[in-house]
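S.K.: 3D model of this:
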Amino acid sequence: MKNYKYVLLLTLTVLAFSFKLSFAQEDTLLSFDDIEFSDGTVSDTSSLLEVSDDIVFSEGTDSIDQQVIDTEVESFSIENSNENSESLWGIFIAGLIGGFAAFLMPCIFPMVPLTVSFFTKKSGNKTQAVTQALLYGIFIIVIYVALGMLITIAFGPEAMNQISTNGVFNFLFFLLLVVFAASFFGAFEITLPSSFVNKIDSNSDKGGLLGLFFMSASLAVVSFSCTGPIIGTLLVEAATKGERLGPAIGMFGFSLALAIPFVLFAMFPSMLKSLPKSGGWLNSVKVVLGFLELALALKFLSNVDLAYNWQLLDREVFLSLWIVIFGLMGLYLIGKIRFSHDSPLAYLSVPRTMLAIIVFSFVVYMIPGLWGAPLRSIAAFLPPIGTQDFDVSAGIGTSNNHNADAVNRKHYTHFHSRATIKGFYPYYDYNEALAAAQEQQKPLLIDFTGWTCVNCRKMEADVWSNQEVKNLINNEFILVELYVDEHDLSLPESEQYVSPQTGKKINTVGKKNTDFQITQFRSNSQPLYAIVDSKGELLVPTSGANYDIEKYANYLKSGIEAYKATK
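M.R.: So this is what the prediction gives:
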């Protein structure tokens, strides 16, 4: 009984530390202690320092009402917490899916009957067998969560939020996923050193809790050739979400899905009879995952292409590659192509047939995208529509009359040639947009976005494409889009400065926009929408991604009403 208390203590320690990391992340995002203000002091009630000649944070005020600050901070805290929760839930679900996929790998699936029979035969009764299986599952969870926590600690809060926009990291992730795909296709196996594997396996023969722990560790290291690419992909996805706790949450979902079958089959050994027999279908699972790894790898390469304006992986090129990849997957599923480790396919099973139908249907769905179809269900993963060379719908449903001078705006040609959504003609410089808002007497809608921001593309495809929302933005606001990951456009020497918030040199448009967002709006997540008046003062609390069209339209209307109330 005493030993079980130690196991419970270890598990609670892991979970408690995870929660501590979560709060640490929130503190990093919301801390005001490091902000320097215009009077040279550190205070949360003074107006913000002008960090650049090009960015004016507040004008004509010596202080900001504390109640206003508290209201805005409270609103942002709740909103940020909700967005973080939704993102972490998504990472957790991705981990669950990855764990169940790993369970069907040829390195793990055949081990289930052996492991369960070991518990059954070694234990004196069913209760002991179930208890040992439960501890075995807990240790699996602890081991994988510990791995996620190590990644979390290694990156730290700032890096976890910046990694998704870093071109070098995105390119490394692309190469990593290509290697994982090649491994699943059978080119080679990713294994841990044999001496390390043997040492872990030898310790699994020990009795008691220590033996169970090393049995769990043996499962992790022996199955690494199959689970390694899945774990690596999951950690990459979690890291690029910008959530500091993401890798630990992802590993929790993965390990939970991996541990549940072992515990269930130990509790109900008769269920083992219903399991399909091991065979060539297990390798087919690996190959299908290899195709998915390859498709996902292109997303990271696209991020690099967009951030550095290489213009190599435009939308139609990206779609062509995806059509080929998923087309080959479909041919593989129906047995028209085979890999080195595959067995001959005598007939198509029902699940395989259904999956092939889904894959081929997806291929057909993507084909119109080569001519500019919006493909809204996957638009968030595709390069912007502005990179499309041939678009049969170009100009349809849009009006250019009141945007004739758009081409003369600062940075307009550079950004709008890769426009992420049609029908909008925004500004790309904050001060220029603020001057236009003053001249036209309209509120300013600031859109903090990024080339690599999946949620930004989803908002544009699902919400901004709505005619009511589009009309509100085009007719009632001055729109400025500030890309935080624009690395290709350098600032003139006269506009470069050192950020008082981070101490880093601001020498690109992307860094300038990022610094502006963090310093002015206490946020570094995208998308972030801020509605300000002609003086740059916030009219209503900021908003993040909101895929409810009605609610987002109401948010815009509230900004309009707040602006009118100031007149």
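S.K.: Just the pLDDT for residue 10.
M.R.: pLDDT for residue 10: 44.
S.K.: Can you report phi and psi for residue 532?
M.R.: Note on residue 532: its backbone torsions stand at phi -130, psi 160 [degrees, to the nearest 10].
S.K.: Find the nearest non-adjacent residue to it, please.
M.R.: Excluding the flanking residues, the one nearest residue 532 by Cβ to Cβ, 6 or more residues apart in numbering is residue 444, at 5.0 Å. Just so you know, the C-beta spots here come from the backbone N, C-alpha and C atoms, and that holds for glycine as well.
S.K.: residues near residue 209, how many?
M.R.: 16 (other Cβ atoms under 10 Å).
S.K.: Sorry, wrong one. I was asking about residue 140.
M.R.: 25.
S.K.: same question, residue 552
M.R.: 22.
S.K.: Kindly report the same for the one 5 residues further on.
M.R.: Other residues within reach of residue 557 by the criterion other Cβ under 10 Å amount to 14.
S.K.: my guess is it contacts residue 473, does it?
M.R.: No. The pair residue 557 / residue 473 is not scored as a contact, 11.5 Å apart, by Cβ atoms under 8 Å.
S.K.: Okay, domains of this protein per the record?
M.R.: Annotated domains of the chain cover 2-30+65-313, 314-390, 404-565 [automatic domain parsing].
S.K.: quick check: mean pLDDT across the shortest one?
M.R.: Across domain 314-390, the average pLDDT comes to 91.
S.K.: Between its first and last residues, how far does that domain reach?
M.R.: Start-to-end span of domain 314-390 (Cα to Cα, to the nearest Å) is 11 Å.
S.K.: same question, stretch 305-324
M.R.: Span of stretch 305-324 from end to end, Cα to Cα: 20 Å.
S.K.: quick one: that stretch to chain centroid distance?
M.R.: Computed by Cα atoms, centre = their mean, to the nearest Å, the separation of stretch 305-324 from the middle of its chain amounts to 19 Å.
S.K.: how about it: buried residues?
M.R.: The neighbour-count check on stretch 305-324 (16 or more other Cβ atoms under 10 Å) flags 305-309, 313-319, 321-323 as buried.
S.K.: residues in contact with that stretch?
M.R.: The set of residues external to stretch 305-324 that reach it, using Cβ atoms under 8 Å, 6 or more residues apart in numbering, is 165, 167, 170, 295, 298, 301-302, 304, 363, 366-367, 369-370, 375, 382-385, 387-390, 414, 418, 451-452, 485-488.
S.K.: out of these, which are buried?
M.R.: Buried among the contacts of stretch 305-324 (16+ other Cβ under 10 Å): 165, 167, 170, 295, 298, 301-302, 304, 363, 366, 369-370, 375, 382-385, 387-388, 418, 451-452, 485-488.
S.K.: Can you list the neighbours in contact with stretch 281-292?
M.R.: By Cβ under 8 Å, 6+ apart, stretch 281-292 touches 101, 104-106, 109-110, 180-186, 226, 229-230, 325-326, 328-329, 332-333, 339, 341-343, 349, 352, 355.
S.K.: swap the cut-off to 6 Å and go again
M.R.: 104, 106, 109, 181, 184-185, 325, 329, 339, 341-342 (Cβ atoms under 6 Å, 6 or more residues apart in numbering).
S.K.: from the chain's centre, how far out does the strand or helix carrying residue 171 sit?
M.R.: Per DSSP states H and E: residue 171 is located in helix 167-185. A distance of 16 Å separates the C-alpha centroid of helix 167-185 from that of its chain, computed with Cα atoms, centre = their mean.
S.K.: and that helix, what does it pack onto?
M.R.: The contact analysis (3 or more Cβ pairs under 6 Å, 6 or more residues apart in numbering; DSSP states H and E) places helix 167-185 against helix 224-240, helix 280-307.
S.K.: Make JSON lines out of these and add distance to residue 465 and mean pLDDT.
M.R.: Listed next are the helices and strands packed on helix 167-185 as JSON lines, based on distance: least, Cβ to Cβ, whole Å; pLDDT from 0 to 100:
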{"stretch": "helix 224-240", "distance to residue 465": "25", "mean pLDDT": "71"}
{"stretch": "helix 280-307", "distance to residue 465": "20", "mean pLDDT": "88"}
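S.K.: Distance to residue 525 added to the ones you listed, as JSON lines?
M.R.: JSON lines is the format used below for the helices and strands packed on helix 167-185 (distance: least, Cβ to Cβ, whole Å):
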{"stretch": "helix 224-240", "distance to residue 525": "13"}
{"stretch": "helix 280-307", "distance to residue 525": "16"}
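S.K.: do you know which of these lies nearest residue 114?
M.R.: Judged by Cβ to Cβ, the one of the helices and strands packed on helix 167-185 that comes nearest to residue 114 is helix 280-307, at 15.2 Å.
S.K.: what about residue 175, neighbour count?
M.R.: For residue 175, using other Cβ under 10 Å, the count is 12.
S.K.: hang on, residue 456 packs against residue 527?
M.R.: Yes. Judged on Cβ atoms under 6 Å, residue 456 makes contact with residue 527 at a distance of 4.5 Å.
S.K.: The two: which is more packed in?
M.R.: Each of residue 456 and residue 527 has its neighbours counted (other Cβ under 10 Å); residue 456 has more, 25 against 20.
S.K.: Check what pLDDT that one gets.
M.R.: Taking residue 456 on its own, its pLDDT is 87.
S.K.: Residue 475 now?
M.R.: 94.
S.K.: How many neighbouring residues does it have?
M.R.: 9.
S.K.: Quick check: it vs residue 553, distance?
M.R.: Relative to residue 553, residue 475 is positioned 13 Å away (Cβ to Cβ, to the nearest Å).
S.K.: Residue 118 too?
M.R.: In this structure, residue 118 and residue 553 are 60 Å apart, going by Cβ to Cβ.
S.K.: Ok, residue 427 next?
M.R.: Going from residue 427 to residue 553 by Cβ to Cβ gives 22 Å.
S.K.: Who has more neighbours out of those two?
M.R.: Neighbours per residue (other Cβ under 10 Å) separate residue 427 from residue 553, with residue 427 holding more: 25 against 18.
S.K.: Excluding sequence neighbours, find me the nearest residue to the more buried one.
M.R.: In space, residue 427 is closest to residue 433, 3.7 Å off (Cβ to Cβ, 6+ apart).
S.K.: cool, and residue 560?
M.R.: residue 476 (5.3 Å).
S.K.: And for the one you found, the neighbour number?
M.R.: 15.
S.K.: Please export the C-alpha coordinates of stretch 276-293 as PDB.
M.R.: Extracted in PDB, the C-alpha atoms of stretch 276-293 (Å, rounded to 0.1, in the frame of the first residue of the first chain):
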ATOM      1  CA  PRO A 276      -8.100  -8.600 -35.500                       C
ATOM      2  CA  LYS A 277      -5.000 -10.800 -36.100                       C
ATOM      3  CA  SER A 278      -1.700  -9.200 -36.800                       C
ATOM      4  CA  GLY A 279      -0.800  -9.000 -40.500                       C
ATOM      5  CA  GLY A 280       0.100  -6.800 -43.400                       C
ATOM      6  CA  TRP A 281      -2.700  -4.400 -42.600                       C
ATOM      7  CA  LEU A 282      -0.500  -3.100 -39.700                       C
ATOM      8  CA  ASN A 283       2.200  -2.000 -42.200                       C
ATOM      9  CA  SER A 284      -0.500  -0.300 -44.200                       C
ATOM     10  CA  VAL A 285      -1.300   1.900 -41.200                       C
ATOM     11  CA  LYS A 286       2.300   3.000 -41.200                       C
ATOM     12  CA  VAL A 287       2.300   3.800 -44.900                       C
ATOM     13  CA  VAL A 288      -0.900   5.800 -44.700                       C
ATOM     14  CA  LEU A 289       0.500   7.800 -41.800                       C
ATOM     15  CA  GLY A 290       3.600   8.300 -44.000                       C
ATOM     16  CA  PHE A 291       1.500  10.000 -46.700                       C
ATOM     17  CA  LEU A 292      -0.100  12.200 -44.000                       C
ATOM     18  CA  GLU A 293       3.300  13.100 -42.600                       C
END
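S.K.: that older thread, the residue nearest to residue 427 belongs to a strand?
M.R.: No. Assigned with DSSP: H, G, I helix; E, B strand; the rest coil, residue 433 falls outside any strand and is helix.
S.K.: Return the residues in contact with it.
M.R.: With Cβ under 6 Å, 6+ apart, residue 433 has these contacts: 427, 444, 478, 480.
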